[in-house]
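Enquirer: Task: produce atomic coordinates for the following.
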Amino acid sequence: MKKLTTLLAILALVLASLACQTLSAGGDSGMPEVNPPGGSVSEETQPAGGNTSGFESEFPLPDGATNIQEIGGSINFQVRMSLDAAMKFYVEAFSSLGYIERPILTVTSETTFSMVFDGHESGKAIVVQGVDLGDGTSNISIRLEDI
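Expert: Below you'll find the model as predicted:
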C-alpha cells in the first residue's frame, strides 16, 4: 500500500509539473536535454562531490543519481539519499553557483519537499522537488519555472 501511495505522489508531482508548464505557455524550458549514458560531465557545472553518472546537466546532480530522465523540460532522477540530505545538497550546490533560495517557498513534510532558487540567467526560478520512496531512496525533480 505504501508503494502505491508513493507512486501516486510521484505521478502527481510529474503531472503538476507538466500542467504548470502547459498553463504557462509551455515551450522550451531553457533546460538542456539529458544526454544518453556515456555523455560527458561538465566539470564547471558540478560542485565537489557532484554528478558522476556520466550525464551532462546544467544543474548539479548528487553522486549516485540513477534513472536520470528529461521529462517535459524537467530533470528527474532517483538517488540513495534522505530528503534532508538532498535539501542540504541543493542549498549548498546552488548557493555555490550564486543562486538564492526563496525560503518562503520552501515546503517540507515527512515524505516530500519543494524548494525554489532565484538567479538563473533565463530569469526563471529553479524548482527542486523531492519524494521519499520509502527504501532509503528519494526521487528528485528539477525544472525552470516562471514564479
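
Enquirer: Return the distance of Thr66 relative to Leu144.
Expert: 23 Å (Cβ to Cβ, to the nearest Å). In short, each C-beta sits where N, CA and C put it, glycine included.

Enquirer: more neighbours, those two?
Expert: Neighbour tally, Thr66 and Leu144, criterion other Cβ atoms under 10 Å: the higher count belongs to Leu144, 21 against 10.

Enquirer: Name the helix or strand for that one, please.
Expert: Element membership for Leu144, per DSSP states H and E: strand 138-145.

Enquirer: Could you pull up the mean pLDDT of that strand?
Expert: For strand 138-145, the mean per-residue pLDDT is 96.

Enquirer: again, but for stretch 81-94
Expert: Taken as a whole, stretch 81-94 carries a mean pLDDT of 96.

Enquirer: Residues touching it, excluding its own?
Expert: 47, 50, 60, 62, 64, 79, 101, 108, 111-113, 115, 117, 126, 128, 130, 132, 136-138, 140 (Cβ atoms under 8 Å, 6 or more residues apart in numbering).

Enquirer: From those, which land in strands?
Expert: Judged by DSSP state E, those include 79, 101, 108, 112-113, 115, 117, 126, 128, 130, 132, 138, 140 as members of strands.

Enquirer: Just put these in a markdown table and tack on neighbour count and distance to Glu56.
Expert: Shown next, in a markdown table, are the ones in strands among the contacts of stretch 81-94 (neighbours: other Cβ atoms under 10 Å; distance: Cβ to Cβ, whole Å):
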| residue | neighbour count | distance to Glu56 |
| --- | --- | --- |
| Val79 | 24 | 17 |
| Glu101 | 19 | 24 |
| Thr108 | 13 | 30 |
| Thr112 | 18 | 28 |
| Phe113 | 21 | 25 |
| Met115 | 23 | 23 |
| Phe117 | 24 | 20 |
| Ile126 | 25 | 17 |
| Val128 | 24 | 18 |
| Gly130 | 26 | 22 |
| Asp132 | 21 | 27 |
| Ser138 | 25 | 22 |
| Ile140 | 23 | 17 |
